[in-house]
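**Q** sequence plus predicted model, see below.
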Amino acid sequence: MQLAGKTAIVTGSNSGIGLGVARELARAGADVVLNSFTDREEDHALAAEIGREFSVGARYIKADMSKGVECRALVELAGGCDILVNNAGIQHVAPVDEFPVEKWEAILAINLSSAFHTTAAALPGMRANGWGRVVNIASAHGLTASPFKSAYIAAKHGVVGLSKTVALETAGQGITCNAICPGYVLTPLVEAQIPDQMKVHNMDRETVIREVMLQRQPSRQFATVEEIGGTTVFLCSSAAAQITGTTISVDGGWTAL
């Protein structure tokens, strides 16, 4: 229970990567704050279930990550933040000249600006405690590019740059800031795309995963949410005290190409 006594906020964490990260942090002993933009009974029940499973404090706080004031309020309402994991994100695919302006602005707000607001709100408390960890969930697309994803790629490159800047501003203060850059991760959202891809390409499940979905991922294997969570826990551990301002790729070799 190496993170016992620490409080971790994970944005966008009622499903997918964020939920996987929150569970692994709780497994390591941290009290966790889950977040999304909904405020359903099942959101709060999910937090309570994690708390029971790992015998830690766990709660859910609604906050819309597209609104800076709510991002900052999330940190305040949590009552403390030793570990901040900026994970919230959305995606839209379109050519640059056809990219809807409202989608561009929403993606930049949720994928990039939210990390700025939550980090700005969390740093004073981390400095006061002489300890803090900021982990930004970027993407392989924070290090490379693909067509038709201009807003997402711009935002994720921005997250990588923000991570480096925060690391420099907090160096020597017991605070680290790093970015994890996953490739394709098997989440419920990705899982739901597989049947459609099978129909479109007239392929079986394993072939469509290997030859279509993971074509750019040399391992031809999805990363798991547990692996992203485990990497996060490592970055929060004492072993990673001098790892700051860098990116860790969990992409099956994608960015090595």
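**A** Arrived safely, thanks for sending.

**Q** all helices for the protein, in order.
**A** 16-27, 41-54, 68-78, 101-108, 114-129, 150-170, 188-201, 205-208, 225-236 (DSSP state H).

**Q** and of these, who's closest to residue 137?
**A** helix 16-27 (6.2 Å; CB to CB). In this view, the C-beta of every residue, glycine as well, is placed from N, C-alpha and C.

**Q** just checking, what packs against the closest one?
**A** In terms of contacts (3 or more CB pairs under 8 Å, 6 or more residues apart in numbering; DSSP states H and E), helix 16-27 is packed against strand 7-10, strand 31-36, helix 41-54, strand 83-86, strand 132-137, helix 225-236.

**Q** the nearest residue to residue 60 once chain neighbours are set aside: what's it in contact with?
**A** Closest residue to residue 60 apart from its sequence neighbours, by CB to CB, 6 or more residues apart in numbering: residue 47 at 4.1 Å. Contacts for residue 47 (CB atoms under 8 Å, 6 or more residues apart in numbering) come out as 32, 34, 58, 59, 60.

**Q** circling back to that earlier point, from the helices of the chain, which stretch is densest packed?
**A** Greatest average neighbour count among the helices of the chain goes to helix 16-27 (a mean of 25), per mean count of other CB atoms under 10 Å.

**Q** run through who's touching that helix.
**A** 3, 8, 10-13, 32, 34-35, 46, 50-51, 53-54, 56, 58, 83, 85, 87-88, 137, 182, 185, 187-189, 224-226, 228-230, 232-233, 236.

**Q** make it 7 Å
**A** For helix 16-27, contacts defined as CB atoms under 7 Å, 6 or more residues apart in numbering pick out 3, 8, 10-13, 32, 34, 50, 54, 56, 58, 83, 85, 87, 137, 185, 187-189, 225-226, 228-230, 232-233.

**Q** average pLDDT for stretch 70-85?
**A** Mean pLDDT, computed over stretch 70-85, is 98.

**Q** all numbers from here: first residue = 27
**A** In the new count, where the first residue is 27, that last one comes out as stretch 96-111.

**Q** relative to the whole chain's centre, how far out is it?
**A** Distance, stretch centre to chain centre, for stretch 96-111: 15 Å (CA atoms, centre = their mean, to the nearest Å).

**Q** what do you get for stretch 264-272?
**A** From the chain centre to the centre of stretch 264-272 is a distance of 18 Å (CA atoms, centre = their mean).
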